[in-house]
Every structure is written in C-alpha cells, then in structure tokens.
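> give the three-dimensional model of this entry:
(one chain, ligands or ions: 2)
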Amino acid sequence: MSTPVRSAPVPFHVYDTTLRDGSQQEGLNLSVNDKLAITALLDELGVHFIEGGWPGANPSDTTYFSEMASGAVPLKNATLTAFGFTRRVGMKAADDPLTAALRDSRADVACIVAKSHDRHVEQALKTTLRENLAMVSDTVAHLRSEGMRVLVDCEHFFDGYRANPAYALEVVHTAAEAGAEVVVLCDTNGGMLPPWIGEIVGSATATGARLGIHCHNDTGCAVANTLAAVDAGAMHVQGTINGYGERTGNADLVTVVANLQLKYGWDLLPAGSLQEATRLSHAIAEVTNVPSSARAPYVGLSSFAHKAGLHASAIKVDPNLYQHIDPVEVGNDMRMLVSDMAGRANIQIKGSELGFDLSDRELAARITEKVKDAEAAGYTYESADASFELLLRRELGQLPTLFEVHSWRVFTQSHAGGEADTECTVRLTAKGQSQRVVGEGNGPVNALDHALLNALSPAYPVVDRFSLVDYRVRILDQGHGTDATVRVLIQTTNGRRTWTTVGVGQNIVEASWEALRDGYLYGLIHADDPAPVKPGLGQLAAAHG
Ligand SMILES: CC(=O)SCCNC(=O)CCNC(=O)[C@H](O)C(C)(C)COP(=O)(O)OP(=O)(O)OC[C@H]1O[C@@H](n2cnc3c(N)ncnc32)[C@H](O)[C@@H]1OP(=O)(O)O
Ligand SMILES: CC(=O)C(=O)O
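Ligands and ions are numbered 1, 2, ... in the order given. Modelled structure (predicted):
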C-alpha cells in the first residue's frame, strides 16, 4: 500500500503538543492526573517528544513537571519537553523567573516560543527588533548553559516572513546559532495554504537550521500544510492528538504520522505502534472528555464505515476497492452500515459479521426490502445493530421466544405542589411462569424499565446486570407538534458489552417500550457472550447514533 516518495530525513522527529497547545482548546481542561494519563498514552504511541505544558505559568503545569520528575510516568519512547517563552524585554535570561521555571522543571528539553514577525515585536512586545533577537539568543544560550536541549518555536513565522522575510529568517538564524537544535516555523494564525508553506519553508532551509513545522487548522489545511513543509525540508512535525488546539485546532498528529508512514513509507513510530493509533486516540478523547470526530481520517469511527449499497457490493469482492488502506494498519475496523441506502451486499456482509448466512440472493433481497420499509417508517439500524439482529432473526425464524408480554400499563399522577410519580404494571410469561409486576420510577421509561426487569428477573436472574445507559428521542416529522412520530434509541449494557435498540411510534411511551423490550430480548439472547475483544468502536457507534 505504501508508496515511498523519498527516504525519511534523518533525524526526523514527531513532537506532540496535546498537553500544551491541545489544552488551549475551548472546553478542554486537564487536571494533573489527566495529563499524566495522557502522557502514558502518548509514550505508548511512540512520539519522540511530549510537550507537557508551561512550568511556572500555572500551578497545575508546575506540579505536572514535578510529578514527572519524581517518576510518575516513566517514559520508554518519548522525551519530556517543557514549554516557555523567551526572557522578558530588558531582563537577563538568568534573572527571568519563567526561564528559571524551565530549568526547574527538570525536563531534558525546553521549547521556547519567540516572536519572528516584526509587527508582533514592535506592537505586542513593544520592543526593538534588535532586542527581540537578543532575547532569543540570550534565552537559548542560557538554557543550553543550564544543560538543557533547546527548541525554538517561531511564532507567526509565515505571516512574519511575508511582511519582512529578512527579519523572520534572522530570528531563525539567531536561534540556531545560539544552540537551538530545531527551529520550528509556526503558522500561528493558521491562515496559510500548502503552496505558500512549501515555498517559505524552502526559503528558510537556506539558513542551515534544522527546521520543524507547527500548523493551526484555520484554513482546514493544517495537515496538508505540515506535509508541504516536510516536502520542503522540515524534519520535525508538531501536532496534537485528535487535532485539539486553540480555535480550530492544530494539525492532527495521528493523521500526519499515518500519512508519512503509510503513504511515504517512513518508519517513524516504534514497530507496531501505529496499529494502536485508533485505540490510543479514543483513549485520549476519553481522558480529555472532548470526543474525537467520527470523521477523523484513519482513526475515526466512520473512517472505514460503508453505507452505500454500491460500495458494499464492491467491498464484498475486495475491501480495498473502497478503502485507501487496510484499517488494521491503524488499528481501526471496517464497519458495514445498514440503512435505507443499503443493497443486498450491505445486508449480507453485516449478516455474516453477526454470524448469519445470508448468501441466498432472495433471502438477502427480502431482508433488504424489510430494512428499507422499516427505515421509511422511521427506524434506523445504522447505530441500532441489536434491533437489526432481531429483525434478521425474525426473518430467519431464529428469534427465540424468551418471554411473552401480555400487556403493560403506565400511570403518572401529579400531586399539588409536589413531583409527579409514575407507576407501571407489566404482565408477561417467561419460562412458563406468569408474572404481574408493578414498577415505579421517576418517569414512564424508568418505571417500565424497573417493571420489566423485575418481571424477568425470576426466570432470568442475569437481567439484574442490565442497565439502561442512554436514552435518546428524536421527532421524525417536525412541524407535527405533539402528534409527531418519534424515534427512541436506547443503549443497554450488561457491564461487558453495550448494545442499542430502536423503537418508533406516535406514542413516545410505546416507542420507548419497543426499544426497551428489544434491549432486554437482545441482552438475554447474548447473555453468555464474552466481552468483545476490542470494546469501544461498537459502543462509540451507538454513542454517535
Ligand atoms: C502561540 C502560542 O500559543 S504560545 C502559548 C500561549 N500560551 C499561553 O499563553 C498560556 C500560558 N500563559 C500564561 O499563563 C500567561 O500568559 C503567562 C504566565 C505566560 C504570562 O502572564 P502575564 O505576565 O500575566 O502576562 P500576559 O499573559 O498578559 O502576557 C503578556 C506578556 O508576555 C510578554 N511576551 C509575550 N510573548 C513573549 C515572548 N515570546 N517572549 C517574551 N515575552 C513575551 C509580553 O510582552 C507581555 O509582557 P509585559 O507584561 O511585560 O507587557
Ligand atoms: C507556538 C505556537 O503554539 C504557535 O505559534 O502556534
């Protein structure tokens, strides 16, 4: 699959700034423990540098570095890097407390941000161009004399180069001459396009400095810009997991690395690490509590999900016909979606994924029709895999009658000045025992859930482990107001695996009951199944609904 363009420059480094620039994303806030957990995951991915934060800028980052120095997360692949800025105007680096904080972080490497755009020097720093150069050389030389390796991030380099190329290049040259091992050219405002990046990086190579690249995604080109810089001579790529970062984010480091490894054929991460990328990207999203995009390249939930009938029919012959790589290379999975866009092939592939032989053309065609009719009525099987399996079993005559519901009733009573309470009665027969059970709850679905569980528990004690983890309602024919058809999706878990069922109706309680009942039925059919080998994607599919 890989098409080597040329050999990887040596050395070539992958630098992660999730913990610093990534945490500049709106709504993304990391505790020290979160940062330590992410550090371990990044090290497992095998990046060469982990930028842990800015020691001295806030107590959490300072604590994080002291925890790391005490061995909280021993690193086997990565080198910990502390971020900071050049010394303040008019000071000596040796006297600047934030420069001292870099040394005190006990990280081996410091990455300092320096102004390289003349307007920023004059307007933001309010100093002279000469003093800014002195700030760069003094800070780099001082940190080197303290025994640190130093990288310099040239902020606004590309805009600066356009305004005053000689000065922008002088900053690069000054940093390298003072001892910076890599000078990173930053598209801080993220406004560049790939040809512009390529041209400017190409010019900067004339400084002789080893160049790196740091791109923001404001034009939607952060990854493309990073690759353009690499093509033009950058030997160090910066980015974040899941593209987290200030404003529209940073270059997604996993996409960058996957492109370089799988398309250019460069071995950048330790052997086997890229195959863990999907798991690690999702694990990091769990810690940040900011979900990654389902449509993220390579590691997204939908990266290898196929919905259209024509795609599926070709995939049945050879998955590579509609996939740019084998998903296994990044630890992802192909998923076949069942929907009204499905043809026989989707149904056959999905059926065989679930363990059913649907090779018979007529059978597959009949089930496809059923799916299309049900979808037209409002059902959705894309995320409700469990309901699709029940539909299949019904059509194949393989749906066991584990219980038979005779009736159910829900009753909500309001009390003056107090909260309403709900009571529900379910009558059913399970394993020959008839039950009439009353359940109470804070609402009709909760009461139905309790009643169903209590009614099934004597015959099937395993249901005591079932719990409803998500409940979503969507109005299907908007504009109809309270007599609209609604769709209910219910996610149930038994602690080992999670599944989703769907119910549709004009009565929201009836639609909920259908999804709930099918959730219990599916759970009972699969009560003895082991936990999936790779939990996560199926559950995420349900979560994305
Ligand atoms: C492009 C980037 O994303 S770089 C990373 C940006 N990240 C952050 O800013 C997050 C962490 N930052 C902070 O906690 C704070 O901003 C601090 C601790 C760094 C500084 O805080 P404060 O001293 O209160 O000042 P403030 O936040 O207003 O920063 C501006 C000061 O930094 C100076 N400054 C800005 N850039 C640089 C630089 N590259 N080198 C030296 N000084 C700089 C400004 O001149 C200004 O100094 P002044 O107060 O003497 O006028
Ligand atoms: C350094 C950095 O984060 C930037 O220039 O965008």
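
> how about the residues of the stretch 101-250 of the chain that lie near ligand 1?
Contact residues, the stretch 101-250 of the chain versus ligand 1 (Cβ under 6 Å from any ligand atom): 113-115, 125, 155, 188, 246. Where you see a C-beta, it was placed from the backbone N, CA and C, and this is true even at glycine.

> show me what from the protein comes close to ligand 2.
21, 113, 153, 155, 186, 188, 214, 216.

> next, count neighbours for the first one.
In this case it means Asp21. Using other Cβ atoms under 10 Å as the criterion, Asp21 is surrounded by 23 other residues.

> would you map the helices across the stretch 251-400 of the chain?
253-258, 277-288, 309-315, 344-353, 361-376, 385-396 (DSSP state H, counting those that start in this stretch).

> relative to ligand 1, which of these is closest?
Set against ligand 1 and scored by Cβ to the nearest ligand atom, these come closest in helix 253-258, at 16.3 Å.

> what is the rounded mean pLDDT of the closest one?
Mean pLDDT, helix 253-258: 98.

> next one: that helix to chain centre, how far?
Helix 253-258 sits 13 Å away from the centroid of its parent chain (Cα atoms, centre = their mean, to the nearest Å).

> ditto for stretch 184-192
With Cα atoms, centre = their mean, you get 23 Å for stretch 184-192.

> would you mark the buried spots in that stretch?
In terms of neighbour count (16 or more other Cβ atoms under 10 Å), stretch 184-192 has its buried residues at 184-188, 190, 192.

> still on that earlier bit, okay, and which of the residues of the stretch 101-250 of the chain next to ligand 1 map to helices?
Using DSSP state H to define helices, no part of these is located there.

> mind putting the residues you listed into a markdown table with pLDDT?
What follows is these, written out as a markdown table (pLDDT from 0 to 100):
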| residue | pLDDT |
| --- | --- |
| Val113 | 98 |
| Ala114 | 98 |
| Lys115 | 98 |
| Leu125 | 96 |
| Glu155 | 98 |
| Thr188 | 98 |
| Glu246 | 96 |
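
> residue nearest the centroid of this structure?
Ser292 (2.5 Å; Cα atoms, centre = their mean).

> and the pLDDT for that one?
You'll see Ser292 listed with a pLDDT of 89.

> circling back: mind listing which of the residues of the stretch 101-250 of the chain next to ligand 1 are in strands?
The members of those that map onto strands under DSSP state E are 113-115, 155.

> what's the farthest-apart pair in those residues?
Maximum pairwise distance in those, criterion Cβ to Cβ, is 8.1 Å, between Val113 and Lys115.

> what's the overlap in contacts for these two?
Common neighbours of Val113 and Lys115, using Cβ atoms under 8 Å, 6 or more residues apart in numbering, are 86, 155.

> which of the two has more residues huddled nearby?
Neighbours per residue (other Cβ under 10 Å) separate Val113 from Lys115, with Lys115 holding more: 27 against 20.

> burial measure for the closest residue to Lys316 other than its chain neighbours, as a count.
Nearest residue to Lys316 in three dimensions, chain neighbours excluded: Ala345, at 4.6 Å (Cβ to Cβ, 6 or more residues apart in numbering). Using other Cβ under 10 Å, Ala345 has 22 neighbouring residues.

> and Leu310, by the same measure?
Leu310: 13 surrounding residues under other Cβ under 10 Å.

> okay, it: pLDDT?
Leu310 carries a pLDDT value of 88.

> measure it to ligand 2 for me?
Distance, Leu310 to ligand 2, by Cβ to the nearest ligand atom, to the nearest Å: 43 Å.

> again, but for Ala40
Distance, Ala40 to ligand 2, using Cβ to the nearest ligand atom: 23 Å.

> report the contact partners of that residue.
Val73.

> which SS state does it fall under?
helix (DSSP: H, G, I helix; E, B strand; the rest coil).

> distance of it from Met336?
Noted for Ala40: a distance of 34 Å to Met336, by Cβ to Cβ, to the nearest Å.

> and Arg144, by the same measure?
Using Cβ to Cβ, one gets 56 Å for the distance from Arg144 to Met336.

> okay, the two: which has more neighbours?
Legend: neighbour count by other Cβ under 10 Å for Arg144 and Met336, higher for Met336 (23 against 16).

> show the contacting residues for that one.
305-306, 312, 315, 346, 349-350, 353.

> re earlier: which of the helices of the stretch 251-400 of the chain has the lowest mean pLDDT?
helix 309-315 has the lowest average pLDDT among the helices of the stretch 251-400 of the chain, namely a mean of 86.

> and for the residue in the stretch 251-400 of the chain that ligand 1 sits nearest to, the neighbour number?
Minimum separation of the stretch 251-400 of the chain from ligand 1 (Cβ to the nearest ligand atom) falls at Ala251, amounting to 14.0 Å. Counted by other Cβ under 10 Å, the residues lying close to Ala251 total 29.
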